[in-house]
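**Student:** Here is the input, now give the coordinates:
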Amino acid sequence: MARRPPPPDTAAFGWRWALVGGLLGVVLATAVFAPARWLASSLAQWSNGHLQLVNPRGTVWNGSAGLVLSSGGGGAESISLPGHLDWALRPRWNSVAAALRIPCCATQPVQFTASPRAGGLRLDWQDSQSRWPAALLGGFGAPWNTLKPEGVLDLSTQAWSIEFDGPKLVMAGRAALDATDMSSSLSTLRPMGSYRLTLDGGPAPTLLLTTREGSLQLSGSGRWNGRGFRFDGEASAAPGREEALSNLLNIIGRRNGARSLITLG
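**Tutor:** This is a model prediction of the structure:
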């Protein structure tokens with residue numbers, strides 16, 4: 001007569017499942033309650049120090065912090081965003097939905113969806129409008145730290161998306177920046193003018209700079225090559241304003257008579 005196998009060790013079996021359940025609980029709790037400083041560290045690393053969250057509070061998914069724009073690499077140039085930034089992240093099966101509340105600069109939350117790709121990441125932004133102090137540009141270092149711009153920057157987006165595909169950057173939709181009543185520490189003329197910068201995405205994204213009004217006349221265009229913009233433009237002074245803008249024209253580009261030629265990229 002065949003012998004029956006010994007009964008399973010139910011105590012050991014239950015202990016193993018308890019251990020597995022405990023480990024899963026720790027992983028879940030870590031994911032849900034991951035501290036906001038983890039997000040701050042990841043953002044600083046990803047942006048090479050250009051974007052920094054200071055004094056972060058809360059979790060990765062719901063938190064707040066001060067935002068600092070920096071020239072990066074431990075550079076001395078940095079400017080803090082007025083007030084604070086609040087964020088809410090909501091994971092989906094194939095993406096993460098984000099809402100940023102920026103009381104200083106946007107009346108409505110700025111929202112986007114981040115979707116991982118084989119070679120990088122895609123960001124799809126909801127149409128939005130926001131207003132920023134131009135002085136924030138000084139945090140990015142040269143040439144803004146020399147120009148020390150002042151004025152108001154109105155940013156609007158339409159069907160805007162950015163995809164990081166390895167070293168390449170792919171853009172779609174439109175982003176427009178209206179710079180109003182701009183001035184600089186390099187000129188006593190205040191304001192110097194108001195301008196519009198329009199970025200149109202697509203297979204070959206283009207950039208267009210025009211002058212809306214003012215004594216400093218700026219114009220130019222650029223084209224994205226997948227890794228950076230090549231921009232060619234010029235600056236000149238309105239009749240009667242040549243002396244007040246001479247120093248600025250000498251710095252922002254290469255002088256060619258009354259004009260200053262600007263080449264970037």
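
**Student:** Can you point out the buried residues in stretch 175-193?
**Tutor:** Neighbour counts over stretch 175-193 (16 or more other Cβ atoms under 10 Å) mark 175-176, 178-180, 182-184, 186-187, 189, 191-193 as buried. For the C-beta atoms, the positions are set from N, CA and C on the backbone; glycine is no exception.

**Student:** In strands, which of these fall?
**Tutor:** In strands, defined here by DSSP state E, the members of the buried residues of stretch 175-193 are 175-176, 178-180, 182-183, 193.

**Student:** Show me the two of the residues you listed that sit farthest apart.
**Tutor:** Using Cβ to Cβ, the pair of those lying farthest apart is 175 and 183, separated by 23.7 Å.

**Student:** Helices along the stretch 1-150 of the chain, start to end?
**Tutor:** With helices called from DSSP state H, counting those that start in this stretch, the stretch 1-150 of the chain shows them at 10-32, 36-46, 144-147.

**Student:** Any regions of the stretch 1-150 of the chain where pLDDT drops low?
**Tutor:** Residues of the stretch 1-150 of the chain meeting the criterion pLDDT under 70: 1-33, 72-76.

**Student:** could you redo the buried residues of stretch 175-193 as JSON lines and give each row distance to residue 218 and pLDDT?
**Tutor:** As requested, those are exported to JSON lines (distance: Cβ to Cβ, whole Å; pLDDT from 0 to 100):
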{"residue": "175", "distance to residue 218": "18", "pLDDT": "96"}
{"residue": "176", "distance to residue 218": "15", "pLDDT": "97"}
{"residue": "178", "distance to residue 218": "13", "pLDDT": "97"}
{"residue": "179", "distance to residue 218": "9", "pLDDT": "96"}
{"residue": "180", "distance to residue 218": "13", "pLDDT": "97"}
{"residue": "182", "distance to residue 218": "9", "pLDDT": "95"}
{"residue": "183", "distance to residue 218": "14", "pLDDT": "93"}
{"residue": "184", "distance to residue 218": "12", "pLDDT": "90"}
{"residue": "186", "distance to residue 218": "14", "pLDDT": "86"}
{"residue": "187", "distance to residue 218": "13", "pLDDT": "86"}
{"residue": "189", "distance to residue 218": "14", "pLDDT": "89"}
{"residue": "191", "distance to residue 218": "13", "pLDDT": "93"}
{"residue": "192", "distance to residue 218": "9", "pLDDT": "94"}
{"residue": "193", "distance to residue 218": "7", "pLDDT": "95"}
